[in-house]
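# After the sequence you'll find the predicted model.
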Amino acid sequence: MFRGLTAKSIKIAIKGGGMVYVGMFVASSMIYLLMFSVMSAFLTMVLLSFIAIISSILSDKKTVKQFLLVLLLSGARKKLILVSSWAYCIVRCLPVLIAYASYAVSIGDSILVAVVVVFYTISSVLLTHLLYWVVRR
Amino acid sequence: MRRIVAIVRNLWKYYLVGGRAVPILKNINMHVYSGEMVCIHGPSGAGKTTLLRILAGLERPDQGEVIVDGYNLTLLDDDGLAALRANVISYIPQDYGLVEDLTVYENIEIPLMIIGLDEAERKSRIRWLLEYMGLIGKENVKVRILSGGEKQRVAIARALAVTPSLLLADEPTANLDWENSKRVLELMVNISRDFQTAVVIVSHDPRVLEYAHRKYQLYDGVISEVSQNTSG
């Protein structure tokens, strides 16, 4: 049950138009970081990426809302809805997470890698609860 | 012998408007038998959707009780209500309650996944539902490109997937022309007869009333039964 519905959630996240925004943001920010090696800009980029991810979810909000609503109407428990929406959010965070973690590895900063991973994990969990709260209302 | 599927007793619901509690539903009492189609008719803003959402366990009443299939909804927590929606109660919202970016098959599959059917069982159940709804050949079509009438039939198929005791439909004909509306209403009557499901429809369209076995009028939060015809 969890596996099947999580797979559907991942499919919706990948095929949604908002994924293009995340991809474009990752490409442009990585070009900037790699060309200019501006370390101080990195943390700003991480914060900006959060806005990019929220924008990408908002651009697909109709589909996300419909999916979570169908889960709710079909009798999914809160835990299942949260797991499905977390899968959606983490897929949307994944391109940024991989790109920035790779960047942090390339400059050999293990603390930065940890900051990046923790930031996106917490962000995706917060987004998950926000989505559930919006749909439940 | 007919069985009572849903009972609503002394139900009150308030909404906060400008910091003041305004009653939306006032002392609602009603019941629904298995195998009958009940229509709740009333103007916009009368509280029809709120009543339906309370029957579906999506909202809680402020006073009174709702009993569906022997379960008192007012005593259940969120997971208990979810379990009822998975097995006993199906709700079709006015905008169909479907994921437009998924196919017809994938939409109907969701409730069957939630109750834990394996893939082979899901496949045969969906095949049967598509035949019953006249949707064979549409299984791999995205819901987005279906007509309003087809979307409504997919929504009914999703709701019927688990053979609920209580099927609730919010304005099922609101977005359809009269020809498609008649088809959907005949389908609802057939469902109530074939599966002994209690079907509750809310509508502001008076033409819907002629398809119902029993009718309630909801006006300004007050409900009254307008007629009582036998339904078998």
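Good, I have the coordinates.
# neighbours around residue 47, how many?
Just going to use chain A. Residues lying near A:L47 (other CB atoms under 10 Å in any protein chain shown) number 9. Where C-beta positions appear, they are placed from N, C-alpha and C, glycine not excepted.
# that answer is for a different chain, and I need it for chain B
For B:G47, the neighbour count with other CB under 10 Å is 24.
# For it, list the residues it contacts.
By CB atoms under 8 Å, 6 or more residues apart in numbering or on different chains, the residues touching B:G47 are B:13, B:24-25, B:218, B:220-221.
# ok, and the closest non-adjacent residue to the closest residue to chain B within chain A?
As assessed by CB to the nearest CB, chain B sits closest to A:G75 within chain A, at 2.5 Å. Spatial nearest neighbour of A:G75, chain neighbours left out: B:A86 (2.5 Å); criterion: CB to CB, 6 or more residues apart in numbering or on different chains.
# Pull up the distance across stretch B:169-185, start to finish.
11 Å (CA to CA, to the nearest Å).
# so, in contact with chain A or not, it?
No - if you take CB under 8 Å from any CB of the partner chain as the test, stretch B:169-185 misses chain A, and the best it gets is 11.1 Å.
# and that stretch, which residues are buried?
B:169-174, B:176, B:180-181, B:183-185 (16 or more other CB atoms under 10 Å in any protein chain shown).
# cool, stretch B:201-209 as well?
Buried-residue list, stretch B:201-209, by 16+ other CB under 10 Å: B:201-205, B:208.
# Can you get me a residue count around B:N29?
For B:N29, using other CB under 10 Å, the count is 13.
# Return the residues in contact with the residue nearest to A:G75.
B:A86 touches A:74-76, B:111, B:114-115, B:162, counting by CB under 8 Å, 6+ apart.
# Report the secondary structure element holding residue 65.
Looking at chain A here, since you left the chain open. Per DSSP states H and E, A:K65 falls inside helix A:61-73.
# actually chain B
Applying DSSP H and E, one finds B:E65 within strand B:63-68.
# and after that strand, which helix or strand comes next?
Following strand B:63-68 toward the C-terminus (DSSP H and E): strand B:71-72.
# Please identify the pairing partners of that next one and their relative orientation?
Taking DSSP bridges as the criterion, strand B:71-72 forms sheet pairs with strand B:63-68 (antiparallel).
# Which single residue in chain B comes nearest to chain A?
Distances between chain B and chain A by CB to the nearest CB are smallest at B:A86, namely 2.5 Å.
# Would you confirm that that residue belongs to a strand?
No - read with DSSP: H, G, I helix; E, B strand; the rest coil, B:A86 is helix and lies in no strand.
# quick one: it from B:E109, how far?
14 Å (CB to CB, to the nearest Å).
# again with B:S203
29 Å.
# Then B:D177?
Taking CB to CB, one finds B:D177 at 29 Å from B:E109.
# Please list the residues of chain A that sit near chain B.
Selection of chain A residues close to chain B by CB under 8 Å from any CB yields A:1, A:4-5, A:8, A:12, A:15-16, A:62-63, A:66-67, A:69-78, A:80.
# List only buried entries from the residues you listed.
For these, buried by 16+ other CB under 10 Å: A:4-5, A:8, A:12, A:16, A:63, A:66-67, A:69-77, A:80.
# Looking only at residue counts, what's the top helix in the chain?
Here I'm looking at chain A. Ranked by number of residues, the top helix in chain A under DSSP state H is helix A:78-106.
# try chain B instead
Under DSSP H, chain B gives helix B:178-194 as its longest helix.
# In which helix or strand does B:R158 reside?
helix B:148-160.
# For the residue nearest to A:A76 when sequence neighbours are not counted, which residues are in contact?
Leaving aside its sequence neighbours, A:A76 sits nearest to B:I114 (CB to CB, 6+ apart; 5.4 Å). B:I114 makes contacts with A:1, A:5, A:71, A:74-76, A:80, B:86, as judged by CB under 8 Å, 6+ apart.
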